[in-house]
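A.B. asks: Attaching a predicted model along with its sequence, questions to come.
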Amino acid sequence: MPHHSGTHRPVTIGNTALALDGEEVSLYGGAVHYWRLARETWEPILDSVKRMGFTMISIYIPWEAHEIERGRFDFGEINPSNDIDAFLTLCEDKGFRIIVRPGPQINSE
């Protein structure tokens, strides 16, 4: 899987605000489950999320969606909705901050 161009920046928590590189930020976001959506719907959905004023997207990376059988993986070659790199790039292009939660499974924690 290609490496993303995103940079890691220091996060600090003050008494009343969260800051990235010393700049106070407001993070409003929601989860988008890329692997459950037809790939052609990603952009219109993200555009709608942006219009609602959200600044962040939270995603799971459900290993069970990507490891289609033991030792055989799909990151978009078989199911276009599994192209995590394309989804993250689209989120970046739209100016979203991204919280990524990898895991073997997701269980609505």
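C.D. replies: That came through fine.
A.B. asks: Is it correct that Ala65 is in contact with His33?
C.D. replies: No - the pair Ala65 and His33 does not pass the contact test of Cβ atoms under 8 Å, sitting 9.2 Å apart. For every residue, glycine as well, the C-beta is placed using N, CA and C.
A.B. asks: Flag the shaky bits of the chain, pLDDT-wise.
C.D. replies: 1-9, 105, 107-109 (pLDDT under 70).
A.B. asks: quick one: the strands in it?
C.D. replies: 11-13, 18-20, 23-25, 29-31, 56-62, 67-69, 72-73, 97-103 (DSSP state E).
A.B. asks: Just name the most buried of these.
C.D. replies: Across the strands of the chain, the average number of neighbours (mean count of other Cβ atoms under 10 Å) peaks for strand 56-62, which reaches a mean of 19.
A.B. asks: Could you spell out the sheet neighbours of that one, each with its direction?
C.D. replies: According to DSSP bridges, strand 56-62 forms sheet pairs with strand 29-31 (parallel), strand 97-103 (parallel).
A.B. asks: ok so, going back, okay, Ala65 and His33: which has more neighbours?
C.D. replies: Ala65 (19 against 13; other Cβ atoms under 10 Å).
A.B. asks: how far away is the more buried one from Trp35?
C.D. replies: 4 Å (Cβ to Cβ, to the nearest Å).
A.B. asks: want to throw the strands of the chain into a markdown table with distance to Asn82?
C.D. replies: Below are these laid out as a markdown table (distance: least, Cβ to Cβ, whole Å):
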| stretch | distance to Asn82 |
| --- | --- |
| strand 11-13 | 29 |
| strand 18-20 | 30 |
| strand 23-25 | 30 |
| strand 29-31 | 17 |
| strand 56-62 | 10 |
| strand 67-69 | 9 |
| strand 72-73 | 9 |
| strand 97-103 | 14 |
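A.B. asks: Looking at the ones you listed, which is nearest to Pro80?
C.D. replies: Closest to Pro80 of those is strand 67-69 (Cβ to Cβ; 13.6 Å).
A.B. asks: ok, that closest one: who's next to it in the sheet?
C.D. replies: strand 72-73 (antiparallel).
A.B. asks: what distance separates the partner strand from the centre of its chain?
C.D. replies: Between the centre of strand 72-73 and the centre of its chain there are 21 Å (Cα atoms, centre = their mean, to the nearest Å).
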